[in-house]
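1. What follows is a predicted protein model with its sequence.
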Amino acid sequence: MASETIYSGLIATSTSLTQINIFNGFITVEDGKINRIGTTSEFHKLHQLYRSNGYNIVQLRPGQFLMPGLVDCHTHAPQFPNIGLGLDRPLLEWLDKYTFPLEKKYSDTQFAAAVYDKVVRRLLNNGTTTACYFGSLSLQGTLELVQSVIAHRQRALVGKVSMNLHNDAGYYNTTETEIKEVEIFVRKVLEAKNDLVQPAITPRFAVSCDEELMTNLSKIAQKYDCLIQSHISENKGEIQYVLETNPDSQSYSEVYDKSNILNNKCIMAHAVHLSSQEMALLSRRGVSVAHCAASNTRLMSGLCPLRRILASGINVGLGTDVSGGDSASILDAMRRAMDVSQHLQLQGEADAAISWREAFYLATLGGAKALSLADKIGSFEVGKEFDALLINVYKDGGPIDCHDYSVDTTETEVGESMLQKLIYLGDDRNIEKVYIKGVEVKHSL
Ligand code: GUN
Ligand code: ZN
């Protein structure tokens, strides 16, 4: 019996920052991988053959289309119980008062397992097929996150958070413990031999980690070829603190560069206040940025100059950054990124606004590139794995208003109207099915 499935109907995929390919056609998927993409007329020719070979054919209806799965390049799984709390305080105060005390609880593995199960299901329900997660300081607690991700078949990078500098909550380890536990964590994730899940090395930020720890973490990342994730230049108070405590460095980026963590398998969240020289350094090193517009606004960190970051040649993906961010949805992250960039343009920064096409790219192919996964996911191409969403814009009780698609004269116009509506108005109700490596994974909450 053939294991091949054929999806036929309207398909939308980014090909570059500004280009989207929208067409009526088909995609065939075998063992989780895309092995053929074609037009509707090719599909009609092959239809009988596919049927007689017992292939599973999924025929999309009007109002439905397929798009690549959404990529969340930065979120904090343990912070979900705090969504919407304490957002009237600036970053460092908010971390001390709300975030660290909550994250400390994740050494309780039962508590961790219960929260993480809900987090992973919530993200899948919102169409996030790939997530790059910060766990907590707890090794065992973060292994629970790995278990939840594996159980629900989400594609993910998961990091045990590293911190060795003092904070009032007493939420840090000694350097020795950190180095030992991070290596144990990496080995345990690799031993699970799950092709969807990878460990990520996760120095929290230069306020919580010193050069000795970060240099050692960089060696572990190199030894196991892991992605490194951290935060950079989010808030002015944070930057001032980092520069005061690292007087030998001229910039925040230089602190990380001295610790050898800036490379082409490194993703930094925020980058709100980088100088042009710092952007050039990150670009030279191949570092990617997770743009977290919701969090930057809620914590009053600043308006991130996304267009300038893109123009400096840095790969960018989107992050929800819960619970600095107040939404777990990458559809929401697209809108927040458009809003912030539009505000910068309204304030006089020429060409700052990003379009819905660019937002779509950042949420899919851009995110995949930023996480070094673009050889596998992010767009529909033969040889890539089938991480996809089946969208339905006609959802009773859903947020998308009625639109008369018959006014659009070409199939591309119909597709563009539907995709725009999804990006500006859509939510989880419009995400009818979620596929990861060819397997349907959307659960009801
Ligand atoms: N910087 C260091 N840790 C954090 C965190 O948990 N959230 C945000 N938004 N910024 C950080
Ligand atoms: Zn963060």
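-> Looks like it came in fine. Ligands and ions are numbered 1, 2, ... in the order given.

2. Which helix or strand contains the residue nearest to residue 170 when sequence neighbours are not counted?
-> Nearest residue to residue 170, sequence neighbours excluded (CB to CB, 6 or more residues apart in numbering): residue 104, at 7.8 Å. Just so you know, the C-beta spots here come from the backbone N, C-alpha and C atoms, and that holds for glycine as well. Secondary structure assignment for residue 104, by DSSP states H and E: helix 100-104.

3. same for the next helix-or-strand element following that helix, what does it pack against?
-> Using DSSP H and E, the helix or strand that follows helix 100-104 towards the C-terminus is helix 109-125. Helices and strands touching helix 109-125, by 3 or more CB pairs under 8 Å, 6 or more residues apart in numbering; DSSP states H and E, are helix 139-152, strand 431-436.

4. Can you give the strand pairings for whatever helix or strand comes next after helix 109-125, parallel or anti for each?
-> Once helix 109-125 ends, the next helix or strand along the chain (criterion: DSSP H and E) is strand 128-134. Looking at strand 128-134 with DSSP bridges, its partner strands are strand 70-76 (parallel), strand 155-162 (parallel).

5. just to revisit the earlier point, please identify which of the helices and strands packed on helix 109-125 is closest to ligand 1.
-> Among the helices and strands packed on helix 109-125, helix 139-152 comes nearest to ligand 1, with 14.1 Å by CB to the nearest ligand atom.

6. pLDDT of that closest one, averaged?
-> Here helix 139-152 scores 98 as its mean pLDDT.

7. Which strand residues bridge the most centrally placed residue in the chain?
-> The centroid of the chain falls nearest to residue 72 when counting by CA atoms, centre = their mean (1.5 Å). Counting by DSSP bridges, residue 72 is bridged to residue 131.

8. could you list every residue that touches it?
-> 123, 128, 130-132, 318-320, 330, 333, 367 (CB atoms under 8 Å, 6 or more residues apart in numbering).

9. out of the residues you listed, who has the most neighbours?
-> residue 367 (36 neighbours; other CB atoms under 10 Å).

10. Do stretch 262-279 and ligand 1 come into contact?
-> No. Remark: stretch 262-279 sits outside contact range of ligand 1, by CB under 6 Å from any ligand atom, the gap being at least 6.9 Å.

11. Who does the helix or strand that contains residue 228 pair with, and is each partner parallel or antiparallel?
-> Assessed by DSSP H and E, residue 228 sits inside strand 227-232. Here strand 227-232 is paired, per DSSP bridges, with strand 197-203 (parallel), strand 266-270 (parallel).

12. Of all those, which one is nearest residue 438?
-> Closest approach to residue 438 among those (CB to CB): strand 197-203, 16.6 Å.

13. Residue 396: how many residues sit nearby?
-> If you count neighbours by other CB under 10 Å, residue 396 ends up with 5.

14. same question but for residue 38, I mixed them up
-> Neighbour number of residue 38 under other CB under 10 Å is 16.

15. Looking at strand pairing, list the partners for it.
-> Beta-bridge partners for residue 38, by DSSP bridges, are residue 26.

16. so what's it up against?
-> Residue 38 makes contact with 25-26, 46, according to CB under 8 Å, 6+ apart.

17. how close does the nearest residue to residue 111 once chain neighbours are set aside get to ligand 2?
-> Distances taken as CB to CB, 6+ apart place residue 105 nearest to residue 111, at 5.7 Å, with adjacent residues excluded. Noted for residue 105: a distance of 18 Å to ligand 2, by CB to the ion, to the nearest Å.

18. now, among the contacts of residue 38, which is nearest to residue 381?
-> Nearest to residue 381 among the contacts of residue 38, with distances taken as CB to CB, is residue 25, at 13.3 Å.

19. Could you pull up the residues touching the closest one?
-> Applying CB under 8 Å, 6+ apart, we find residue 25 in contact with 8, 11, 37-40, 42-43.

20. same question, residue 217
-> Residues in contact with residue 217 (CB under 8 Å, 6+ apart) are 162, 178-179, 182, 201, 203, 209, 228, 259, 261.

21. Could you pull out the buried residues of whatever helix or strand it lives in?
-> Taking DSSP H and E as the criterion, residue 217 maps to helix 211-224. For helix 211-224, the neighbour count (16 or more other CB atoms under 10 Å) marks 211, 213-214, 216-218, 220-221, 224 as buried.

22. what does stretch 32-42 give?
-> Buried residues in stretch 32-42, defined by neighbour count with 16+ other CB under 10 Å: 32, 34, 37-38.
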